[in-house]
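Undergrad: Here is a sequence together with a model predicted from it:
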Amino acid sequence: MAVVNSCTVTGSGDSKSLYAVRKLRRELPEAVIILTGCVPQAAPEVAESIPEADIVTGTKERAKLPALALEVLADRRRIVDIPDYSVFDEFECIPYVPTGDRTRGFVKIQDGCNCFCSYCMIPYARGRCRSKPLDELREEVSMLAERGVREIVLTGINIAFYGEKTGIRLVDAVELCCSVTGIERVRLGSIEPEVMTDDDLTRLAKLPQFCPQFHLSLQSGAAETLKRMNRRYTPDEYADIAERIRSHFPQAAFTTDIMVGFPEETEAEFAESMAFAERIGFSRIHVFQYSPRNGTPAAKMKQVPDAVKHERADRMKALGEKLALRYARQLVGRTVPVLFERENSPDFHQGHAPDYTLIKISRKNPKKSLRNRIFYVTIERADADCCYGRLSE
Ligand code: SF4
């Protein structure tokens, strides 16, 4: 059995997923090939265009895939089962079971989105917001801790809306994870910026295990572009949130995603976006070029030529590297706790600091394994993508 869990976040995600199915069919002619995830959910007609897949399902009930595969093996009939996304109402719990030695465990606590940004297919592919109940979260995190996982990363489509309509907040999930014996760190995946309240931040700041790295999805730093994107904040509001976070976490690191070449993005708007990124001082920027998704409002707007998109992406990436280096250099001389990870380099022990800076120390000293434990490291040198140091006395 081979499963392609498809992604429709960009046009290239769609075509890569379908290419993977066709390639698997050629290489594994006898296998049951399954296409699941966002591509068929957002565009069910894709099932007709890809006869190489024996099973085509959407983003729901993926736990039943092994049973469907057995049905196909029994009578070799094709199965297409894509329920309407609008009826997704309950969180589907498929616990993450780590294989091998893992230091970090990713725990999905939320699915779906109610926001409808004008470029995004996700609300159509994943349905409305729903959240993992706290008792199931406790069970999953306890299982991970028993298997040696030391750091939990809470993930989802839009985790800022965790617990929406139930009165539970994201901070409740973080507190719960921190209370599980063996869990030494808890980190948040990408969050939409506008939902963090002062009360949430006050509670988070009391948790020694909480890592102050905030991946606040920006997309653009220009007010007009944000309006066309149907984002729910202005640049000033975003800056205000970053400022409030810094008042609770003076060492906070901000990382983000920025989209370039959004429809009708002018040179002036792009320049505004660059200046805003510099103003926030991101420690890392993930830059990507806008690609139209059929069925979204932005696909009908006036498109920016590809050459302009490439050129803006290069400029934004260069800025991201400059800011990353600037951020890393101000860490030199500091002593930080590092959770060491798998020993997969012959030259270095490596792990991450709470702000997610990658830290490396020579394997000559100490020679013994440091894996899965926290040691303090004094940072001596910085590159844009990592820092080097020595164990602190
Ligand atoms: S908040 Fe994120 S997932 Fe939701 S519509 Fe906007 S970009 Fe898509």
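TA: Thanks, I have the structure now.
Undergrad: interface residues of this protein facing the ligand?
TA: Proximity of the chain to the ligand, by CB under 6 Å from any ligand atom, involves residues Cys113, Cys115, Phe116, Cys117, Cys120, Ile122, Pro123, Ile157, Asn158, Glu192. Bear in mind the C-beta positions are built from the backbone N, C-alpha and C, glycine included.
Undergrad: can you put the residues you listed in a markdown table and add pLDDT and neighbour count?
TA: Below are those laid out as a markdown table (pLDDT from 0 to 100; neighbours: other CB atoms under 10 Å):
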| residue | pLDDT | neighbour count |
| --- | --- | --- |
| Cys113 | 91 | 21 |
| Cys115 | 91 | 17 |
| Phe116 | 93 | 12 |
| Cys117 | 95 | 21 |
| Cys120 | 93 | 21 |
| Ile122 | 88 | 22 |
| Pro123 | 88 | 21 |
| Ile157 | 91 | 22 |
| Asn158 | 88 | 22 |
| Glu192 | 86 | 19 |
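Undergrad: for the residues you listed, which one is nearest Thr255?
TA: Of all the residues of the chain next to the ligand, Glu192 has the smallest distance to Thr255: 14.0 Å, by CB to CB.
Undergrad: Skipping adjacent residues, who's closest to the closest one in space?
TA: Leaving aside its chain neighbours, Glu192 sits nearest to Ala160 (4.5 Å; criterion: CB to CB, 6 or more residues apart in numbering).
Undergrad: cool, and Cys7?
TA: Gly13 (3.9 Å).
Undergrad: and for the helix or strand the one you found falls within, what are the contacting residues?
TA: Using DSSP states H and E, Gly13 maps to helix 11-27. With CB atoms under 8 Å, 6 or more residues apart in numbering as the test, helix 11-27 has contacts from 2, 4, 6-8, 31, 33, 35, 37-39, 43, 46, 49-50, 52-53, 291-293.
Undergrad: before we move on, what about stretch 235-245?
TA: Here stretch 235-245 has contacts from 193-194, 196, 198, 201, 212, 214, 216, 218, 221-223, 226, 233, 252, 254, 272, 276, 279-280, using CB under 8 Å, 6+ apart.
Undergrad: Would you indicate which residues of it are buried?
TA: Within stretch 235-245, the residues scored as buried using 16 or more other CB atoms under 10 Å are Pro235, Tyr238, Ala239, Ile241, Ala242, Ile245.
Undergrad: Tell me the secondary structure of Cys93, please.
TA: coil (DSSP: H, G, I helix; E, B strand; the rest coil).
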